[in-house]
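Undergrad: Here is my input; please provide its structure:
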Amino acid sequence: KGAAPCCSGSVGRELARSFPSSTVVSVEPDSLLWSRHLRANRMGNITNSFACHSQPSTVLSKLYQSPEFFRFSYHSGILQPVLSQDFLSSSSILGSLLSTAMTTVITLPSPTLLKSSLEIWFPGGWP
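TA: Down below sits the predicted model:
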């Protein structure tokens, strides 16, 4: 099978297809993307992939408080909303993020973008 075109839920669908005995949970805060995600799952007859229509921080908080512990956790685009909040809240969110699965994968921006961001946020150097 070829890779699915990049659209809402494409990573989750590919994971669900590749690991049919696993359950894949995706979070879509946008209503339109969420409905597209659900429709693509139905059209592809994917029954082990679920899309939550919620804010990532809400789902993360509920997962952190639940007794569930995941084997893998993949997060794409999570740093922008996390870093837009104050530092203490960000560290709490990152701590929750890293403590809900044995292996957590977080996609990061390019090193050049990270370096530029740090220079803008902390012009005198890292605190």
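Undergrad: give me phi/psi at residue 57?
TA: The phi/psi pair for residue 57 (degrees, to the nearest 10) reads phi -70, psi -30.
Undergrad: residues near it, how many?
TA: Residue 57 has 18 neighbours, counted by other CB atoms under 10 Å. In this view, the C-beta of every residue, glycine as well, is placed from N, C-alpha and C.
Undergrad: worst-scoring helix or strand of this structure, pLDDT-wise?
TA: Ranked by mean pLDDT, DSSP states H and E, the weakest helix or strand in the chain is helix 79-83, scoring a mean of 58.
Undergrad: what ranges do the helices span in this protein?
TA: 10-18, 31-43, 56-65, 79-83, 87-98, 111-121 (DSSP state H).
Undergrad: So which of those is nearest residue 24?
TA: Proximity to residue 24 (CB to CB) singles out helix 10-18 among the helices of the chain, at 4.4 Å.
Undergrad: Tell me if I'm right that residue 99 and residue 66 touch.
TA: No: assessed by CB atoms under 8 Å, residue 99 is found out of contact with residue 66, at 11.8 Å.
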